[in-house]
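A.B. asks: Next come a sequence and a model predicted from it.
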Amino acid sequence: MELTGAIRGLEELKRPCEVTLVTDSQYVMKGITEWMVNWKKRGWKTAAKEPVKNADLWQLLDEQVSRHTVKWQWVRGHIGHPGNERADQLANRGVDEVRGIRHG
């Protein structure tokens with residue numbers, strides 16, 4: 001869900017921007033700042049020569065990141081960071097809506 005959230009957030013930017021993308025996901029943070037460069041060099045394979053999981057999403061994120069100047073910031077989840085808490089609320093609401101659960 002976090003990977004899709006980063007993609008969708010960047011897609012909403014209609015012109016190139018300087019943006020700080022805050023995530024509580026080590027998977028997203030390490031993927032974009034450490035692992036992706038090597039995945040791309042290896043044709044979207046891991047060091048173990050296995051296909052990268054969610055390669056389609058990582059490629060979409062890479063495309064979106066190339067349009068902007070992105071500063072990545074990791075925060076610990078569920079400790080009261082206002083933006084992170086709001087993102088969790090919205091994500092959970094989206095899941096509930098897909099499941100047919102209504103919020104007042």
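C.D. replies: Cool, got the structure. Numbering: from 1, shown residues only.
A.B. asks: neighbours of Val52, just the number please.
C.D. replies: Neighbour count of Val52, defined by other Cβ atoms under 10 Å: 20. C-beta here means a position set from N, CA and C on the backbone, and glycine is covered the same way.
A.B. asks: I'd say it and Trp44 touch.
C.D. replies: Yes - assessed by Cβ atoms under 8 Å, Val52 is found in contact with Trp44 at 4.9 Å.
A.B. asks: quick one: common contacting residues for the two?
C.D. replies: Listed as contacting both Val52 and Trp44 by Cβ atoms under 8 Å, 6 or more residues apart in numbering are Trp58.
A.B. asks: Against Thr23, how distant is Arg67?
C.D. replies: To Thr23, Arg67 is 18 Å away according to Cβ to Cβ, to the nearest Å.
A.B. asks: Confirm that Ala48 sits in a helix.
C.D. replies: No - per DSSP: H, G, I helix; E, B strand; the rest coil, Ala48 lies outside any helix segment and is coil.
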